[in-house]
Each structure stands twice: as structure tokens, then as C-alpha cells.
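> Below are the sequence and a predicted model; questions follow.
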Amino acid sequence: MSGQPIKPDKILKELGELWTNMGKEEVAGGDDQSHGGGLLRACAMTLISFVDDEEDPVSLGETLASLMKEHPSRAVVVRVREGEDFLSARVFAQCWMPFGQRRQICCEQVEITATVDCLADVAAIVSPLAVPDLPRVILLRSARVVRSGGIRKILPLGDKIIVDSSRTGAPGFGELGGLLDAGHIAGDLAWTRITEIRSLLAQLLESRKIGTVTVEYDGKEAGPEARYLEAWLETSLPDARVGLKGSGSAGSGKPLMIRVDGDLTVQLMSGCAEVRIGELKQRASLPLGADEELLNAELSIVVHDRVFERVLNQITA
Amino acid sequence: MQDPLRFHRKAPPCAVVIYGANGDLTKRKLMPALYRLAYEGRLAPGFAVIGVSRTAMTDDEFRDRMHDSVRKFLEDSPFDEELWQSFAQGLSYIAGDVGDPASYAELGKHLAGISEARKTEDNVLFYLSTQPSQYAEIAEGLAASGLNKGQGWRRIVIEKPFGHDLDSARVLQGRLQKCFNESEIYRIDHYLGKETVQNIMAFRFGNGIFEPLWNRTYIDHVQITAAESIGVEGRGAYYQEAGALRDMIQNHLLQVMATVAMEPASSFTSDAVRDERAKLLRAIRIMRPDQVADNAVAGQYGPGRSGSERVGGFLGEKGVSPDSQTNTYAAVTFLVDNWRWAGVPFYIRTGKALPKRVSEIAIQFRTAPLAMFRKATAGAETVPNMLILRIQPEEGISLKFVSKRPGSGMQLRPVSMDFNYGSSFGERSPSAYETLLLDAISGDATLYTRQDMVEASWTAVQPIMDYWATQKFNFPNYAAGTWGPEAADEMLARWGHTWRKP
């Protein structure tokens, strides 16, 4: 399609043909183990991902494929690159065979490659591709889009915008606050990453009278996760003194330990947390939070998340 | 501090005392479920389990046995050795006889120590995984030593059967309620903990489009099937005392029927939901003795085939009397006397050694009032719509309807619209015991049965049991690997219906 105008109708027609052809192949497959059980076309949302062209397509494809199992969607991937005006599009399907079953489940995918200058055109193409009556979620991983201010052009495409503020070049708290002010639903994977820690802390602290809580982090400057944790504790425990403390040496800025008064500590380790209450020591599992797990959690929430919004407001106030 | 959009439910601090800690249920279900809850971080850090049984064992020996059991019976989950070590610190064991008052005194001392050391806030859940004949004795032993009360909450979980008939269920209740309040008694029916059974409520009451159709005007009949492909597998001696009607229909399947047919509750709270289930069970028409033969069929499997394998009959099972009159198959037509369901038969069947393992609810709707495509279908009757709620093995929902075949003319063909739990939600479903244990620890009795429900379901099956007790059956009356006795087909034929082949 490069060099020629791209029309949403044509992409939708190609998607229709794709399904027809896959259905024919399935029927022709006969007794072959991987064929003959039919295709199930599944769609629960439109997921529009903006990524920089350099991002590994295989890794991104794997992430999207793993999301499909829990959130089957029409996936539109917009690869953003530098250079002169350029726009192209292609369609294909992602299928998988659930374990022990004979029917493949397939989701459709549209890949658009565009330069930053073409983002306005991209919006005009993507908007009609969204599946009617289902949520539209934007996953913003392109630093180019953020840098260029193109975010404003693509915002109307989505009901929810998901970013990861811990990634280089990602929108910061200020931009996220701006999204909320404009009435958008926003999600930040840095916030999602601390869900299990927050849940554990809620279980431990809810019935206690708390004086002081300190979030210790790795490094000289607190990263988004540590700052979210501090702000959440401040809003949840208004009578407690909540503080941040860095390790002093160079580091990731991620939270390492939460100290509560003199007798309770939660040490965060890879995949687990060690809780000490006085003499009692207990280990709790904390999932590592791979990108697809975090995205799965965020895609499940397509309404305003009041707790997140309250915490973000606390940080940006 | 709660974040209901994101947090999973977590249990408050407590200790669980398991009576029958060396038994099969503890090894296969309870301990793997508790470990899995710990793995997911659902249990409080000081969570403790105290195993009680007659076998002499040290704490370490108990931990080792439970370690092996969890490794063996944990389903759909990785086993994390480090997490186990941490979880196992909370496990301890007391050897004792349930009839010996000293064992309760020892348990009391042990619980006091645990409450202090592990910060369990003196909350205790007693789980009776013993022979049913010991339930009342244990409850009385706990009460006599004051363990039924404490600084924190006390709850007692009992497994089915809750009595072996209506009278014994009432006697059991009379003894239990002298020791614990009704709100502290949790009668577990693991069928109610299954995701798909819970989803029946979500399906019915979370969607606006089905409930208007959910009545005698649109529904022709309902079939509830719980089929096992295996025989009694060495449990002949136990099964001989129970039988299919007692083992499955009186509890699990009548609870499923109540969930399918109950009125909407005013809220999703424990008592509101259980009130509606109880009301439905009380509305089941009680059969007169002369109605039983037409509305209930008993069966017992004889030798046959399971796939390509030859299998023996029930009478050849170890521990089974050669002239046993035990039903390994039961099918019953229940009618519900209320405005919603008057005249709609609910067919329930369950059996051992049937062709496949499947549990499902099939709701058959009435056919379209006018057969306008009769000419195109060469006079064939219109195919009725069916809604299938699959409980196991592939949990999901299917809707069968007819569609026009592509091409000229108006040829219709039945098609199926499927929703499959496993492929629609990638996440793992918790086991029924995980759900129910977490509920009991959290004080949520919604999925537990209440005494009035137990009595109502015994009342519904008691006339059948009484009538069958007077009969001499010509058993076996179906071959292993078939769909049950012919009499069950004839029972439906009298209503103009046929059993669905799942």
C-alpha cells in the first residue's frame, strides 16, 4: 500500500477475506489434527498499540498473542518511524489452539507503519477500524509519539490510554495528570507493577495503628513505582508519617523494603516478599509482573480507576 | 486501603484445625487448596494449620506427608519449594481420639500458643474431614472444652452427607446447634464452589436478556446430568451405603437445580441468596408413594465396556454384597410448584459407569409457535433452542439455534454459539475447595448450604428412598458404558421428551 492512499474500507474488506480464506483452509484441512474443529473468531476490544519502529516485532507479537487469550481483540499496531512521509498497512490473523481442544481461536491484527508526520492520517485510518460497541484501548509505547506531541492527535481514538512511566521516553506524571484532567481513563504499568505489594500491605496494615512508614528504594532517585507506593500510603494512611529513603548508591529507583514502625518489615525480592512481624517471619509470593501480565490486568479495567487517580493527583498536586 | 478493582480477596489471620488430617480429602483437596491460597498470597502471614487424627505423628512427619501430598495433587500450579518451607512453618499436628476429652484440652493449649506466636487473633476454623458419624461428637467435644468460643471468631465446616435421611439430618442439626450458632456452621457442598455453578448466577442475573425467558412460558424442560465414566473404583463398601440418589442428587444436583431455578435475590449477600435457594427447594413437589415409580428410576451397572476396555459390574466390586440393591444410577423428574415453573419438568440424572464424564445443565426452550419453514425442511419439526451450561469437563455455555444454510432455498441447520471458560479467560480458575475455604475463612457463607436447605432437599428425596426401600430391583439393569436403564428413557418418553446425549 506504500505510496497509495490507505482506505479503512479496504482494510476491513481484507480482514473479511482473511476470515473467509481461513475458514476455507480449515474445512479443507480435513482430519489433520490441527484442522477440522472450526475457527472461533473472538473479539472483546480494539487494542491500538503505538510502538517505535525499532521495537522488536517478534517480542511485541508474542506479547500481543499472549494478551489475546484473556483479551481477544482486534489489534492495530502502529509502528512509528523517522523519515519522510510514509504510510503502509497489512492485515493478518493470530490463532492458537487451546490445550486439549480441536477448535482454533483467532484474532485479527492490522499493522500500520507510519512516520510521525503522518499521525493525523493514522488517526483517520484507525478510527473506522475500531470494533463498534467494544472498548478501545491505546497502548502507548512510542517515545517518538510522546516527543512529537502526537499524543494529542491519537487521544480521541481510545477510551483508555495505557503507558509505562518507568520506560525511557514514556510520558511522566505531568502528562498522565493532563490525561486525567482532560477526562481520559489512564493506566500506568508502573502502578500495576505494585498492585501485589499494595495488596499485601493492605492485609498487613489495615487493622493496625500506624505511626511511621518508610519506603526504601534502590538508588539516589525514586522511580515511579516507589513514588506511587509512597503516595498511595499517604492517601490510605492519613494519620501516619510516610517517607521515601534511597539506598544512596546508583540504582534502579525501585522499592526494596517497606518499614512500618519498629516491628514490621516487608522486604521485596525477586518473585516474593519476606514479611517480618516481630519474631514471625513469613514468605509471600509476589509475581514478577511480566509485561503481558501487567497489560492483562490493565485491559481488565476500562473504567475510571479512582484509587489510581487519587494517588496520581497526590503526586502531581 | 482496599482497592476492589485490583486486589484479590485476602483472608484474615486465622488457624485452621483439620480433623481427619491423615485422610484422603486432606491430602488430595484441602492441603493443596490451602497451599495454593498461600502461593497466591491470599492467606495472612501467620496463617496456621493444625492437623488432628488418631495416627501418631510428629509435626515434622505431618509436614513431610503434606509436602508429598501437595506436590502430588496440586493442579495447574507450580510447586515452589521455598514458599512451601515458609507455609510449612505454620503446620503442626496433634494425635488424638475424638472421643477423648484430653485431646481437646491439648488442642486448646496448642491453639493459645499459636494465637500468640503466629498472630492469628484467636480466629479458628474447625474443618471436619472425618467420618460423618463423628461430626456431632467432635462438635460436642469442642464445646465441652470451651473451644467453640474465644476472643476471635469460631467456625465449623462439615462435609456432606448431612445425615443419611431427613430424620438423621435433624438429629445431627440438633446436636450441632447446641455447640455452634447456625451462622458458625458451614456445610460444604463443593459443587457450589465450582466456577460454572457460580457463573449460573452471573449468567442469569448479570444479563438482562435471559431472565425474561427463564420461565414456564419459554422453557419446555430442564435436564441436569452428572455422569461418571468410572465405576466405584474400590469404594464399593462406602458406596453401598450411599447410592447415587443420596450421594449426588440429594445434595449436589438439587443445589444446582436450585441455582438454575431460584428467584433473583434482592442482593448478592449470603442470606439473601440462600433464602431464594431454600425457597426453591421447598417448592419442589413431594411425590406420593404411588407417583415414585413413574418419576424416579434406580439403576445399577452390570459388566460392559468403557471405551475398548471391558469392565466388571458393581456386584463384582470389592466390599459389595452379591445381592446389593444399591443404586449406582438415579434419574428423577422433579416438578416445582411455583408460578415461574409450574408444569416444567426438571429431569435430574446421575450415574457411575456411563459413557463419559460430563456434568451439564441443558435448558430446552419451547419451539417457535409457527413452523413457517416446514415446507423447506420437508415437514421436519422445528428444532428447539437449547442452552447448555457445561460444568465439567470443558466449562462453558453453548446456545443452539437454527440458521439458514448458504445458497438458494431456505434450508435450515442447527448451529452452536459457544463460550468456553478456558479459552475466553486465560487465567486459571480456582478449585472449588480454594473458593470455599477462602469463603469460610472470610465469613462468607453464600456458597454453603443452610440447615433449611438440607432439610428441604432431604424432604424432596425421602419419598423416593422410602419407596425404593420396599422394592426388590432386578439389578443390574444397565451395562457399564451405556447411558443408564431403559426405564429412564421411558420416564422422559411419558412427557414426550428424550435425554440429551451430552
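Received, thanks.

> Let me know whether the lengthiest helix in chain A sits next to chain B.
As assigned by DSSP state H, the longest helix anywhere in chain A is helix A:8-28. No. Residues of helix A:8-28 are not located near chain B by C-beta under 8 Å from any C-beta of the partner chain, the shortest gap being 11.6 Å. No exception for glycine: its C-beta is placed from N, CA and C like everyone else's.

> chain center to that helix, what's the gap?
Relative to its chain's centre, helix A:8-28 lies at 29 Å (C-alpha atoms, centre = their mean, to the nearest Å).

> Strands of the stretch 151-300 of chain A, start to end?
Under the criterion DSSP state E, counting those that start in this stretch, strands of the stretch 151-300 of chain A are mapped to A:160-163, A:185-188, A:212-217, A:241-246, A:255-260, A:264-269, A:272-277, A:280-285.

> Kindly format the C-alpha coordinates of the third one as PDB.
This points to strand A:212-217. C-alpha atoms of strand A:212-217 as PDB (Å, rounded to 0.1, in the frame of the first residue of the first chain):
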ATOM      1  CA  THR A 212       5.600   5.700  60.600                       C
ATOM      2  CA  VAL A 213       6.000   4.000  57.200                       C
ATOM      3  CA  THR A 214       9.200   4.300  55.100                       C
ATOM      4  CA  VAL A 215       9.500   3.100  51.600                       C
ATOM      5  CA  GLU A 216      13.200   2.300  50.900                       C
ATOM      6  CA  TYR A 217      14.300   2.200  47.300                       C
END
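
> what's the nearest residue to the closest residue to chain A within the stretch 51-200 of chain B if we skip its chain neighbours?
Relative to chain A, the nearest point of the stretch 51-200 of chain B is B:S86 (3.6 Å; C-beta to the nearest C-beta). In this structure, B:S86 finds its nearest non-sequential neighbour in A:R283, 3.6 Å apart by C-beta to C-beta, 6 or more residues apart in numbering or on different chains.

> in the sheet, who's paired with the one you found?
A:R283 has these beta-bridge partners by DSSP bridges: A:E274.

> cool, and A:R74?
Beta-bridge pairing for A:R74 (DSSP bridges): A:T46.

> what's the next secondary structure element after the one helix or strand B:Q291 maps to?
In this assignment (DSSP states H and E), B:Q291 forms part of helix B:289-295. Using DSSP H and E, the next helix or strand after helix B:289-295 towards the C-terminus is strand B:296-299.

> Just give the number of residues close to the residue nearest to B:S86.
22 (other C-beta atoms under 10 Å in any protein chain shown).

> Who are the packing partners of the longest helix of chain A?
Counting by 3 or more C-beta pairs under 8 Å, 6 or more residues apart in numbering or on different chains; DSSP states H and E, the packing neighbours recorded for helix A:8-28 are strand A:39-41, strand A:87-96, strand A:104-115, helix A:119-129.

> Kindly recompute the last result at 6 Å.
strand A:87-96, helix A:119-129 (3 or more C-beta pairs under 6 Å, 6 or more residues apart in numbering or on different chains; DSSP states H and E).

> Now do the helix or strand following the longest one: everything it contacts.
If I follow you right, that is helix A:119-129. With elements assigned by DSSP H and E, the helix or strand that comes after helix A:119-129 is strand A:136-140. Strand A:136-140 has contacts (C-beta atoms under 6 Å, 6 or more residues apart in numbering or on different chains) with A:45-50, A:130, A:158-163.

> coming back round to it: and among the helices and strands packed on helix A:8-28, the most buried is which?
Mean neighbour count (mean count of other C-beta atoms under 10 Å in any protein chain shown) peaks for helix A:119-129 among those, with a mean of 18.

> Could you point out which residue ranges in the chain have low pLDDT?
Defaulting to chain A. Scanning chain A for pLDDT under 70 picks out A:1-4, A:26-42, A:96-105.

> wait, chain B
For chain B (pLDDT under 70), the answer is B:375-382, B:420-428.
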